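Q: sequence and predicted model, in that order:
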Amino acid sequence: MTVQPPSAEPGDADLLRRYRAGDAAAFTQLYERHRLGLFRFLIGLCGDQAVAEEVFQETWMSLIRSESLQREAAVLFKTWLYQIARNRLIDHWRKQGKRQQREEVFDEQLHDQAMAEPDPERQLSLSQDQARLQAALADLPAEQREVFLLRAHGDLELHEIAELTRTSAETVKSRLRYALQKMRRLLSTAEEVAP
């Protein structure tokens, strides 16, 4: 039996167990640990802030409502969380009868700024960078975009992405490689065109 040192951060599965045993602070810690990456994954995948927020909330509610800690989640909690989010987004798209078009761009950096008067030049630069990134993401095929976002925002390993998307690790590796190549090309082209 391995004993964790007192200063070690509790694992995700341990936090979920503690939450289910009545420790609300454990859920807060779990939520804070994954909220930003999960939301960025959803906004990157669907491109619609309202849909991303709705699916984000549904994901956490599904996690809370789940009756048991799945065996897989005990080892790969993050993969399980992102699988729930992915399934909720697919359910949303099915209810709508199609994938939603990108309607607005969420600028995380501007959103997190304090309410003090921001530097207009910095704000414009951040906005332009975010717009270029969103445009490059939008140009990726859906499968490549999903793998890219799971790696970039979910910080999932290739084998975890393969399990989540139910594809082979080699396919995931290829999709990520093509996505990175295309993103580099699109972003470098966008920089050359930018004023």
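A: Sure, I can see it. Residues are numbered from 1 along each chain as shown.
Q: what sits up against stretch 54-67?
A: Residues outside stretch 54-67 that contact it (CB atoms under 8 Å, 6 or more residues apart in numbering): 16, 27, 31, 35, 38-39, 42, 46, 81, 84-85, 88-89, 92. C-betas here are computed from N, CA, C, even on glycine.
Q: filter those down to the buried ones, PyMOL style.
A: Remark: buried members of the contacts of stretch 54-67, expressed as a PyMOL selection using 16 or more other CB atoms under 10 Å:
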select buried, resi 16+27+38+39+42+46+81+84+85+88+89+92
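Q: phi and psi next, for the residue nearest the centre of the chain.
A: The chain has Phe41 as the residue nearest its centroid, 2.3 Å off, counting by CA atoms, centre = their mean. Main-chain torsions, Phe41, degrees, to the nearest 10: phi -60, psi -50.
Q: so what's the spatially closest residue to it that is not a sequence neighbour up against?
A: Of all residues not flanking Phe41 in the chain, His153 sits nearest, at 4.4 Å (CB to CB, 6 or more residues apart in numbering). Listed by CB under 8 Å, 6+ apart, the contact partners of His153 are 36-38, 40-41, 44.
Q: next step: those residues restricted to helices.
A: Counting by DSSP state H, the contacts of His153 place 36-38, 40-41, 44 in helices.
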